[in-house]
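K.L.:
Could you look at this predicted model? Sequence included:
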2 protein chains.
Amino acid sequence: MLSEFDLITKYFTKPISNASLGIGDDCALLMPTPGTQMAISTDMLVSGTHFFPDTDPAQLGHKSLAVNLSDLAAMGADPVAFTLALALPRAEETWLKPFSEGMFSLANLFQCELIGGDTTKGPLNICITVFGQIPLGQAIRRDNARHGDDIWISGTIGDARLALAHCRRETALNDDEFSKVLPRLQMPMPRVALGKALRKIASAALDLSDGLLGDLTHILNASKVGATVNIDALPVSSILARQPEDFRMLCALGGGDDYELCFTAPVSKRSRVLEASDKTGIPVTRVGFIESTPGLRLRNNNGELQTFSHHSFDHFLTTEK
Amino acid sequence: MLSEFDLITKYFTKPISNASLGIGDDCALLMPTPGTQMAISTDMLVSGTHFFPDTDPAQLGHKSLAVNLSDLAAMGADPVAFTLALALPRAEETWLKPFSEGMFSLANLFQCELIGGDTTKGPLNICITVFGQIPLGQAIRRDNARHGDDIWISGTIGDARLALAHCRRETALNDDEFSKVLPRLQMPMPRVALGKALRKIASAALDLSDGLLGDLTHILNASKVGATVNIDALPVSSILARQPEDFRMLCALGGGDDYELCFTAPVSKRSRVLEASDKTGIPVTRVGFIESTPGLRLRNNNGELQTFSHHSFDHFLTTEK
């Protein structure tokens, strides 16, 4: 059986170049580039809460880091490094090897290096803290959306929730449909390039991890504004578009886990938003606008007010989105 | 019942002054003082592995942060900030209130502020990542111990293991003895002031979390040297000193959780080590010296070679220290 130190050496120790000191001492050492701020985010993924216990370890390695990189993307930060704390029931190489490979293949894509961590025995729990850097004053926060700003969403939303619905037998997709939406749940791709391209363009941003209704409300509350969203303008995949309206809206408005960006930008910057989208190859869709009246109003293409009872995901209040 | 956002606001959101942006956005923002490096360490504490499930939450809050601050101390870093990721079976205020109070009372002592985190449902798991800063080039690493250097230990070692032994009925302490050693297990005090005072004096350092034998070996391996330790010189409390020799050595050599510092320094810096000790009020004891011959040799006051079969704690190999 592998010891704690052996498994760290074998699966988690890679050459570093961003950090001054990596794994193997009491602390790692980082020196941010002068003129930048360090962006820091941490996410904990728990077996049974965030993923099925039998989730493919390579996909889990990818997703654990992806959800953290997504927070950097939402801030406009450049990934630099991360730490990994891992509780495992057993040190099984058949699990550790694909898990570390899935994680490092995403990490390498963004030149984000593992600089430290902890491994211990316990119920499966993956806690990653990620470090990025942003030129001073250019972080895209949540509290700067202004009356009149457009609201934008990257990519399409709701497919991760649709895949989950199929797994839970709440709906039945055919094999072709399921194979197309499942990667959205299992292998989300953080929108790092778009986040960086939106520096000095977006007025506020966050990543959609808990669902549009709940997440957009965070921007509205932090910025002390309200908004109207056109539910017919929400970007959804052709597969989700074929679902009945109520269920489609549950997925698009209440479904998390797509890790798309939701951001606001002044009307005067529409062309620069579209340039950022072109440059990064990540589509963006205008779905509404910021208003001074508090609250979030949903309307359809005819301007009619819509209501939905679905709520954003809260780990301690609900078991259903 | 408290929602995830309510409990973060109620128990974990405090004013910040070191960070540019704290809890409430996708990332926190930190800007290290120019001319410093950032030291980063992460530790995960799991119920049943690192602490008894019924551990007093205030002490657990203290200890969770203390073990992380101890890593900063071992590097000579100044605490700045930390993130907290918390998996909880239930959001119980009777647990959260004392836990957060225990954690913040230690955090405030070191002006180390909570800047972000995550809360989720799951088996009790506490993962903290801590950030410190050190003037460029002054970090006390593990890989710089040199032939001839003294080996020093702060405070006394073995009492945390002694308290654990009593809890496990491996030994029986009287009430007075138990009440004196228990705080070493429950409320370790990170040696931050000493670590900072040892900058430019110590050649290598780490904190004793897994036991002297195993931890000192990390310095020897990283520095490619060996050492001789005089077991009769090990600083132990009067309570541990009264225990039978074999058990005393198990506690002093193999017992972790005391979070004292073990460090090396050139003989020429003995007086400066003692000044650092005086200045910080933290006693230090010289217990051996570094040699070029690899391996760790234990001798007694008469110079006789000693052997012990106890091993450092490894979460995946042993159930006993």
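P.N.:
Cool, the structure landed.
K.L.:
how about the strands of the stretch 201-321 of chain A, start to end?
P.N.:
Secondary structure of the stretch 201-321 of chain A (DSSP state E, counting those that start in this stretch): strands at A:204-207, A:226-230, A:261-265, A:284-291, A:295-299, A:305-306.
K.L.:
Out of these, which gets nearest to B:Q37?
P.N.:
For these, the distance to B:Q37 is smallest for strand A:204-207, at 29.2 Å, taking Cβ to Cβ. For the C-beta atoms, the positions are set from N, CA and C on the backbone; glycine is no exception.
K.L.:
Tell me where the stretch 151-300 of chain A has helices.
P.N.:
Using DSSP state H, counting those that start in this stretch, the helices of the stretch 151-300 of chain A run over residues A:159-167, A:175-186, A:192-197, A:212-223, A:238-241, A:245-249, A:270-280.
K.L.:
is it possible to export those to a markdown table including mean neighbour count?
P.N.:
As requested, the helices of the stretch 151-300 of chain A are arranged in a markdown table below (neighbours: other Cβ atoms under 10 Å in any protein chain shown):
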| stretch | mean neighbour count |
| --- | --- |
| helix A:159-167 | 23 |
| helix A:175-186 | 17 |
| helix A:192-197 | 24 |
| helix A:212-223 | 21 |
| helix A:238-241 | 16 |
| helix A:245-249 | 15 |
| helix A:270-280 | 16 |
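K.L.:
Identify whichever of those lies nearest to B:I151.
P.N.:
helix A:192-197 (45.9 Å).
K.L.:
distance between the closest one and the chain's centre?
P.N.:
Relative to the centre of its chain, helix A:192-197 is centred 13 Å away, using Cα atoms, centre = their mean, to the nearest Å.
K.L.:
what comes into contact with that helix?
P.N.:
Contacts to helix A:192-197, defined as Cβ atoms under 8 Å, 6 or more residues apart in numbering or on different chains, come from residues A:69, A:72-79, A:110, A:140, A:154, A:205, A:261, A:276-277, A:279-282, A:284.
K.L.:
are any of those residues buried, and which?
P.N.:
By neighbour count, with 16 or more other Cβ atoms under 10 Å in any protein chain shown, these hold A:69, A:72-79, A:110, A:140, A:154, A:205, A:261, A:276-277, A:280, A:282, A:284 as buried.
K.L.:
picking up where we left off before, just the contacts of helix A:192-197 that are near chain B?
P.N.:
Among those, proximity to chain B is found for A:72, A:74-75, A:77, A:205 (Cβ under 8 Å from any Cβ of the partner chain).
K.L.:
Let me know whether A:L21 touches A:A81 as I believe.
P.N.:
No - at 10.9 Å, A:L21 does not count as touching A:A81 under the criterion of Cβ atoms under 8 Å.
K.L.:
what residues are shared contacts of these two?
P.N.:
Common neighbours of A:L21 and A:A81, using Cβ under 8 Å, 6+ apart, are A:28, A:115.
K.L.:
one step back: closest one to A:Y11 out of the ones next to chain B among the contacts of helix A:192-197, please.
P.N.:
Comparing those against A:Y11 with Cβ to Cβ places A:L72 closest, at 23.6 Å.
K.L.:
For the closest one, report the pLDDT, please.
P.N.:
Note on A:L72: pLDDT of 97.
K.L.:
if we can go back for a sec, would you turn the strands of the stretch 201-321 of chain A into CSV with mean pLDDT?
P.N.:
Output for the strands of the stretch 201-321 of chain A, formatted as CSV (pLDDT from 0 to 100):
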stretch, mean pLDDT
strand A:204-207, 97
strand A:226-230, 97
strand A:261-265, 98
strand A:284-291, 98
strand A:295-299, 95
strand A:305-306, 90
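K.L.:
wait, which of these is closest to B:G158?
P.N.:
strand A:204-207 (47.9 Å).
K.L.:
for the residue in the stretch 151-300 of chain A positioned nearest to chain B, which residues make a bridge with it?
P.N.:
Across the stretch 151-300 of chain A, no residue is closer to chain B than A:L206, which sits at 5.5 Å (Cβ to the nearest Cβ). Note on A:L206: beta-bridge partners by DSSP bridges are A:C262.
K.L.:
Next up, the contacts around it.
P.N.:
Contacts for A:L206 (Cβ under 8 Å, 6+ apart) come out as A:74, A:142, A:215, A:218-219, A:261-263, B:25-26.
K.L.:
Redo the helices of the stretch 151-300 of chain A as TSV? Include mean pLDDT.
P.N.:
Conversion of the helices of the stretch 151-300 of chain A to TSV gives the following (pLDDT from 0 to 100):
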stretch	mean pLDDT
helix A:159-167	94
helix A:175-186	94
helix A:192-197	98
helix A:212-223	95
helix A:238-241	97
helix A:245-249	91
helix A:270-280	98
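K.L.:
And the ones you listed: which comes nearest A:G303?
P.N.:
A:G303 lies closest, by Cβ to Cβ, to one member of the helices of the stretch 151-300 of chain A: helix A:245-249, at 17.0 Å.
K.L.:
Let me know the pLDDT of the most centrally placed residue in chain A.
P.N.:
The centroid of chain A falls nearest to A:Y259 when counting by Cα atoms, centre = their mean (3.3 Å). A:Y259 is assigned a pLDDT of 95 by the prediction.
K.L.:
which residues does the closest residue to A:L21 other than its chain neighbours bridge with?
P.N.:
Using Cβ to Cβ, 6 or more residues apart in numbering or on different chains and skipping the chain neighbours, the partner closest in space to A:L21 is A:L29 (4.0 Å). Assessed by DSSP bridges, A:L29 has beta-bridge partners A:L21, B:A39.
K.L.:
Spit out the contact partners of A:L29.
P.N.:
A:19-21, B:37-40, B:75, B:134, B:139.
K.L.:
can I get those residues in a markdown table with pLDDT and distance to A:P183?
P.N.:
Listed next are those as a markdown table, based on pLDDT from 0 to 100; distance: Cβ to Cβ, whole Å:
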| residue | pLDDT | distance to A:P183 |
| --- | --- | --- |
| A:A19 | 86 | 31 |
| A:S20 | 85 | 36 |
| A:L21 | 89 | 36 |
| B:Q37 | 94 | 39 |
| B:M38 | 95 | 35 |
| B:A39 | 96 | 38 |
| B:I40 | 96 | 32 |
| B:M75 | 97 | 41 |
| B:I134 | 96 | 43 |
| B:A139 | 96 | 42 |
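K.L.:
Mind giving me the ChimeraX command for buried ones among those?
P.N.:
Per 16+ other Cβ under 10 Å, the buried members of the contacts of A:L29 correspond to this ChimeraX selection:
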select /A:19,20,21 /B:37,38,39,40,75,134,139
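K.L.:
No more questions from me, cheers.
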